[in-house]
Each structure stands twice: as C-alpha cells, then as structure tokens.
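[1] Take this sequence and fold it.
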Amino acid sequence: MDDEALAVACEEVADAVAEAISRVEDPSAPGTRPGQYALDLVADSAALEVLDVLGVGVISEESGVARPGAELVAVLDPLDGSTNASRGIPWFATSVCIVDAEGPRVALVANQANGVRYRARRAGGALRDGAPIAPTGCSDLADAIVGLSGYPSADLGWAQFRSLGAASLDMCCVADGTLDAYAVVGSSTLGCWDYMGAMLVCAEAGAVTADALGESAGKGLVDLDHGARHAPLAAATDALRRELGTALALMRRGPARQAVEESNGTDSSRTTG
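    All right, here's what the predicted structure looks like:
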C-alpha cells in the first residue's frame, strides 16, 4: 500500500470520527472505565470501522491491540483531549499514525473542534491545511513559550507556559511555530497514541523530539507496546531541546525550584501571561 492510499485512509478515519461525535447528545456521559467518556468509545468505534476495512494492525488507546504482527500498524487516539470535548473546550483531536518496520510513515492529526488538519509523510514534509510548516527557531528556554502536559513542581525557566489538554495538538503547535516547545512534566506520562502522529509532524517540519525519561528498553518514543509510557518533549531546535531536557532532569531529582533557577539563571516571577 502506497503513502497516498495510507494518507487517504487517515483522512477517512478523521472524517468518520467527526461525523460520529457530532451525533453525541451528551459529550460528558461516562464511558466504561475511570477517566473515559462515552464520546471516546463512539470515536473509537467509528475509527475502527475504517481501519478494519484497511486490514492494518491497530494500537488504540480505547480498544487496545488488533491484528498483532501486521506489517502496517495504525497507532490511534480516536479523541485526544476528550475532557476538553466533554466541557466544550475547542481543543481536541483525532490522531492516527501508520507505522511500518522503519517507524512512523504517514500521520494525520485533525483538530475536531475547528477542522484544522496536520499531515505528514516520512521524508515528505509536514503540512497544516495544505501549507508547509516550520518551527520558530527559538533556541533559548528563557525566550520560549512552552506547552505542558502535567503539573510542574518548579518554574523551569521558560518565558511563559500553556497547558492546553491535547498532547497531539500541543506537539503540532511546536511543528508550526505556535509554541516553541512542549514537555510532559510532573508524574504525567503518555502512551504512544498520544504523540506518535504529532512526532512525525514535528520531525518532518524540522522540530526535534525526544523522550525526557530516556530510551526505555532501547525503543525510544517509537514504542508500540500498549502498556508502555513515555514523556515526550518537542522543541523548535536541538539547543532548546537540550536546555529543556536538562531542566526537566533537575526537576525530577527532588526539590528542584532553586536548582533549576540557578542552572538557568532565572527567577520564579515568570507568568503564564
């Protein structure tokens, strides 16, 4: 199956989810496990109908693993940011990434609240609604606007931060220059479905990604174990990635506010804006 066919299938997944969730009368209705919404299950069912016809393997946040051992695997978050969706906050997405033996190959991250779509193909560039994207070029954490997942125990030395609630979209904001960096902080970790599509978007746009926890079992972020958890970070430049990674490492060592501020030459008076 060529890249174009895979890209079309990703679009069909996002379209199917959009149609399905538009019919949900109560987006805040609970699902079948803690932290899940009925909306998640509706989105997952719609996405799986498309992927089942395609015949690829699936790793989904909601329904687990299907067709293990397949040459192509769709890493799926049918509704990233479902809490936002349940509250009417317009920041939630469908993320699907087709992975082969070489890694992420084709990806789509579709903002289901406003219709914006990020697309990427390995060695084929990254687009936002058909236009090429690129990160800001920011290299100094003190100048950076950083998106966060989780709650930090310290000011890491950024200019400002935002916590928006949908990892796939947050990372794509680094790819298109809306944010300078993104990090998972505190005790928060993510599954591969949260970040895999956005990771390819970042890579093809020229942003840098890494696992702030290090490479688990040598797999790094391209880890298709449904139970694995990672702490991806994305940055506009490698210099910013290194500085942010160092700050995160200091924070995880314990009472870190003073150590981080001394390391970065900053104080704790920064604001979220």
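[2] Please count neighbours and contacts with C-alpha atoms only from this point.
    Noted.
[3] I'd like to know the beta-bridge partner residues of S60.
    Beta bridges link S60 to G64, L76 when assigned by DSSP bridges.
[4] how close does it get to C192?
    Distance, S60 to C192, by CA to CA, to the nearest Å: 9 Å.
[5] Give me the more crowded residue out of those two.
    Higher neighbour count among S60 and C192: C192, with 26 against 23, using other CA atoms under 10 Å.
[6] residues touching the more buried one, list them.
    Contacts for C192 (CA atoms under 8 Å, 6 or more residues apart in numbering) come out as V75, L221, V222, D223, L224, D225, H226, A228, R229, H230.
[7] Now that we have those residues, can you turn them into TSV and tack on neighbour count, distance to A107 and pLDDT?
    Shown next, in TSV, are these (neighbours: other CA atoms under 10 Å; distance: CA to CA, whole Å; pLDDT from 0 to 100):
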residue	neighbour count	distance to A107	pLDDT
V75	28	9	98
L221	24	15	94
V222	18	14	95
D223	20	16	94
L224	18	15	95
D225	12	19	95
H226	15	18	96
A228	13	20	94
R229	16	20	94
H230	24	19	94
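[8] Can you tell me which of those residues end up in helices?
    Among the contacts of C192, no member falls in helices (DSSP state H).
[9] From these, pick the one nearest Y182.
    Y182 lies nearest to H230 out of the contacts of C192, by CA to CA, at 13.6 Å.
[10] Surely that closest one touches L224?
    No. Using CA atoms under 8 Å, H230 makes no contact with L224, being 11.3 Å away.
[11] For the stretch 101-250 of the chain, just list every one of the strands.
    With DSSP state E, counting those that start in this stretch as the criterion, the stretch 101-250 of the chain has strands at 103-111, 117-121, 125-128, 131-132, 145-149, 160-162, 181-184, 208-211, 232-235.
[12] Could you export the longest one as PDB, keeping only the C-alpha atoms?
    As requested, C-alpha coordinates have been extracted for strand 103-111 and formatted as PDB (Å, rounded to 0.1, in the frame of the first residue of the first chain):
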ATOM      1  CA  GLY A 103       9.000   3.700  12.000                       C
ATOM      2  CA  PRO A 104       6.300   6.300  11.600                       C
ATOM      3  CA  ARG A 105       5.400   6.600   7.900                       C
ATOM      4  CA  VAL A 106       2.200   8.600   7.500                       C
ATOM      5  CA  ALA A 107       0.300  10.700  10.000                       C
ATOM      6  CA  LEU A 108      -2.700  12.900  10.500                       C
ATOM      7  CA  VAL A 109      -3.700  15.000  13.500                       C
ATOM      8  CA  ALA A 110      -7.100  16.500  13.000                       C
ATOM      9  CA  ASN A 111      -8.500  19.200  15.300                       C
END
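[13] how about that strand: buried residues?
    Buried residues in strand 103-111, counted by 16 or more other CA atoms under 10 Å: G103, P104, R105, V106, A107, L108, V109, A110, N111.
[14] tell me which strands and helices it is in contact with?
    If contacts are counted by 3 or more CA pairs under 8 Å, 6 or more residues apart in numbering; DSSP states H and E, strand 103-111 sits against helix 3-22, strand 93-100, strand 117-121, helix 167-175, helix 192-205.
[15] try it again with 10 Å
    In terms of contact count using 3 or more CA pairs under 10 Å, 6 or more residues apart in numbering; DSSP states H and E, strand 103-111 is assigned the packing partners helix 3-22, strand 73-80, strand 93-100, strand 117-121, strand 125-128, helix 167-175, helix 192-205.
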